[in-house]
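Q: Coordinates for the following, if possible.
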Amino acid sequence: MADAPESAAETSPPGREAFTVHAYGPATRTLAVALRLAALLNVLYVAAHIVRDIVTGTRTAPPIAVAFGIALFSGGPLLLALLLGRNHRGKAEVGPARLALTLRRERFEIPFDAIQAIRPWRVPIPGPGLRLVLGSNRSFQRRLVLHDPARLLEALGENVPAAKSTLDHPAIRFADARRALGRRRWPYFVVKYGLIPLGLAIVLFRLHQYIVYGGAFGQYHLFGLGPYLGAFLLRWLGVLGALVVYGGLVRIVVEVLALGLAYLLPRRAKGLRRAAEIVVDIAYFVLIPAYVLTHLLA
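A: Below you'll find the predicted structure:
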């Protein structure tokens, strides 16, 4: 994934087309990848403990530990990766005879005839990326991450023969399909990680109150408002943390499968992406309510 939503092209002088990019050196790209992998591995670690608790009945992943573990050890690295990306943000301009890259303190100008090849990253981490191969098979010192690499390749295509052939690369088709079909607006996430966890927490908390205290406000009448609200907050954090882990786990599995299938069937990348997003939504918006309802009626 790219570090932040961004427009593929920007306003530029006549005869030039500009693109927002994140330009990483080899070391900073390695750091950006490591931060994201740390966040993903933490999701897998917490998920393994939750599954173990469900199967064995143990309590190795209490709700508060899950919530804070995800916030600190997944949210923290992702925040650092975002800040790293913003620090390496720049602009690529395709002019009449050269590609210009403008960063905070540097500017590079690469003549079109110096670009011998363009190599897409096989794995799009920290986002869809390109490596420019110059004369003598030397790699350009910056790796370019773009929200929509196909647009840059199309802009270069008239003057750089390697750009046109790169458009058919599976990694570029995967990135283009994900850009077109895989991005969701903020209301989707409000519902997914706001309303649904809150609704499930209310249902489960109310059920717990009836079972343990004999009524919806039993704990409030016995112990007061503070313990009652504290118990609900703990329940809500537990539900939210578990759903974030579950949603993250489903997304990891689906993205890995979608990327692998895109390499096998590159011409069907958009259809595969559409199917991937349907699977993600069914796994979250259908299976979770079905699981909760089944246990309530059991």
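Q: Please state the offset of stretch 189-209 from the chain centre?
A: 24 Å (CA atoms, centre = their mean, to the nearest Å).
Q: how much space is there between G271 and A262?
A: 10 Å (CB to CB, to the nearest Å). In this view, the C-beta of every residue, glycine as well, is placed from N, C-alpha and C.
Q: Between the two, which is the more surrounded one?
A: A262 (24 against 13; other CB atoms under 10 Å).
Q: The nearest residue to the more buried one once chain neighbours are set aside: neighbour count?
A: Leaving aside its chain neighbours, A262 sits nearest to F174 (4.1 Å; criterion: CB to CB, 6 or more residues apart in numbering). When neighbours are counted by other CB under 10 Å, F174 registers 27.
Q: hang on, isn't F174 packed against L259?
A: Yes - the pair F174 / L259 is scored as a contact, 5.9 Å apart, by CB atoms under 8 Å.
Q: can you tell me which strand in the chain is longest?
A: Longest strand in the chain by number of residues, with DSSP state E as the criterion: strand 17-24.
Q: Pull that one out as CSV, backbone CA atoms only.
A: Extracted C-alpha coordinates of strand 17-24, given in CSV (Å, rounded to 0.1, in the frame of the first residue of the first chain):
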residue,chain,number,x,y,z
GLU,A,17,3.0,16.0,-16.6
ALA,A,18,3.7,15.8,-12.8
PHE,A,19,3.2,12.9,-10.4
THR,A,20,3.4,12.6,-6.7
VAL,A,21,6.0,10.0,-5.7
HIS,A,22,7.7,8.7,-2.6
ALA,A,23,11.4,8.3,-3.5
TYR,A,24,13.3,5.8,-1.3
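Q: ok, how many other residues are close to L200?
A: 19.
Q: Can you name the residues that contact it?
A: L200 makes contact with 239, 243, 288, 292, according to CB atoms under 8 Å, 6 or more residues apart in numbering.
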